[in-house]
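> pasting the structure only:
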Ligand SMILES: C[C@@](CO)(OP(=O)(O)O)[C@H](O)COP(=O)(O)OP(=O)(O)OC[C@H]1O[C@@H](n2ccc(N)nc2=O)[C@H](O)[C@@H]1O
Ligand SMILES: Nc1ncnc2c1ncn2[C@@H]1O[C@H](COP(=O)(O)OP(=O)(O)O)[C@@H](O)[C@H]1O
């Protein structure tokens, strides 16, 4: 049995994001397209025979762990959830190499949780199905199931009703304005449009809905955070720009790697202090490719 695994936890973008209704419990029903990216955190899982779940505090990238209190760390919470669900006698030491901006709307925490669930399912030999893992993951966050299923997808409900879709190959520039946006605060805003007409997947795939539909959070976020409005304006001068999730990251789509890298250069030369990265949009998650490769050995 393998004792140690290093696996990617990729980011997602919401190519568009609508709210169609609100549930009685206050949660909002969404329609979105989750585009997976080949840009990932990296997580190393090392099995422990003593049953303890431990976070390796020594490997800090941009002091990421300082921003993630141990008790709320989704890696640790995912491991504990799987351990109690399966009564596994094993434990794990988790090392998180954080590359994805935290609280940026690119799903880093949810993706980390999904990678831990899938990785430990292998390492501990739990043999849960993808569906079982997705149901478990949903307890940790609405964005976890898409990373468990591992395919770019049409998402409905609170993001857990997923239909896999194949999106054309594209390159994305993601900009992270130096600001954090509270998801709860933005969902609670009075100015939010909560009654978008329901779209169909066919319409999304046939018309170029990406250029026609937007992210409903954009209006509210732009008003509250002028820095994000400025970043959207800057990026729109190169290509249609969007907010992902509730922000703070924004992105634009490009047809080639050359084109996107030119805009990344322009970003580096601009007087704004924004960080950015380039990523390829992928249909199949790098995590699932890594696990498939592992299962072949
Ligand atoms: C908006 C999206 C789109 O992919 O992405 P992110 O910006 O987080 O990446 C997600 O739906 C984010 O889902 P999730 O990550 O579970 O949100 P949480 O931070 O747990 O939610 C914080 C709060 O936002 C509100 N909330 C969240 C999701 C939802 N469908 N309706 C809501 O009303 C609830 O008040 C909740 O307590
Ligand atoms: N492993 C993790 N990586 C990132 N954020 C985490 C993690 N565990 C818990 N969190 C918490 O989850 C929140 C949202 O983080 P993240 O998933 O990066 O953003 P978003 O939901 O906007 O895509 C942050 O407040 C952060 O402290």
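That came through, no problem. Note that the structure is predicted; figures quoted are calculated from it, not measured. Numbers count the residues shown, from 1 in each chain. Ligands and ions are numbered 1, 2, ... in the order given.
> how about the residue positioned nearest the centre of the chain, phi and psi?
Note on the chain: the residue nearest the mean C-alpha position is residue 107, at 2.3 Å, using Cα atoms, centre = their mean. Dihedral angles of residue 107 (phi, psi; degrees, to the nearest 10) stand at phi 70, psi 20.
> Quick one: residues contacting it.
Taking Cβ atoms under 8 Å, 6 or more residues apart in numbering, we find residue 107 in contact with 11-12, 100, 143, 146-147, 245. Backbone N, C-alpha and C define where each C-beta goes, glycine included.
> tell me the residue furthest from the middle of this protein?
Within the chain, the residue lying farthest from the chain centre (Cα atoms, centre = their mean) is residue 50, at 31.8 Å.
> what's the distance between it and residue 79?
As judged by Cβ to Cβ, to the nearest Å, residue 50 and residue 79 stand 14 Å apart.
> cool, and residue 5?
Applying Cβ to Cβ to residue 5 and residue 79 gives a distance of 13 Å.
> Then residue 188?
Distance, residue 188 to residue 79, by Cβ to Cβ: 31 Å.
> Which one's more surrounded, those two?
Using other Cβ atoms under 10 Å as the criterion, residue 188 and residue 79 rank with residue 79 on top: 27 against 11.
> I'd guessed that one sits against residue 120; true?
Yes - using Cβ atoms under 8 Å, residue 79 is in contact with residue 120, at 6.0 Å.
> Mind listing the shared neighbours of the two?
residue 92.
> Tell me which residue in the stretch 101-250 of the chain sits closest to ligand 2.
The stretch 101-250 of the chain approaches ligand 2 most closely through residue 109 (2.8 Å), counting by Cβ to the nearest ligand atom.
> burial measure for the closest residue to that residue other than its chain neighbours, as a count.
Excluding the flanking residues, the one nearest residue 109 by Cβ to Cβ, 6 or more residues apart in numbering is residue 74, at 4.4 Å. Neighbours of residue 74 under the rule other Cβ under 10 Å: 24.
> could you measure residue 74 against ligand 1, distance?
10 Å (Cβ to the nearest ligand atom, to the nearest Å).
> now that residue: how far from residue 137?
10 Å.
> can you list residues touching both of those two?
110, 113.
> wait, doesn't residue 52 sit right on residue 90?
No - using Cβ under 8 Å, residue 52 is not in contact with residue 90, being 9.6 Å away.
> Comparing these two, which shows the higher neighbour count?
Neighbours around residue 52 and residue 90, counted as other Cβ under 10 Å, are more numerous at residue 90. The numbers are 19 against 10.
> where does the stretch 101-250 of the chain come near ligand 1, residue by residue?
With Cβ under 6 Å from any ligand atom as the criterion, the stretch 101-250 of the chain meets ligand 1 at residues 105, 107, 141-143, 158-159, 183-184, 187, 245-246.
> Ligand 2 next: which of the residues you listed are close?
Among these, proximity to ligand 2 is found for 105, 107, 183, 245 (Cβ under 6 Å from any ligand atom).
> Quick check: buried residues in whichever strand or helix holds residue 132?
Under the criterion of DSSP states H and E, residue 132 resides in helix 130-138. Neighbour-count burial for helix 130-138, counted by 16 or more other Cβ atoms under 10 Å, picks out 132-138.
> Name the residue of the chain that lies nearest to ligand 1.
Residue of the chain nearest ligand 1, by Cβ to the nearest ligand atom: residue 245 (2.2 Å).
> Just the pLDDT at that residue, thanks.
With respect to pLDDT, residue 245 scores 97.
> Could you grab the helix/strand/coil label for the nearest residue to residue 159 once chain neighbours are set aside?
Residue nearest to residue 159 in three dimensions, not counting chain neighbours: residue 142, with 4.2 Å by Cβ to Cβ, 6+ apart. Classification of residue 142 by DSSP: H, G, I helix; E, B strand; the rest coil places it in coil.
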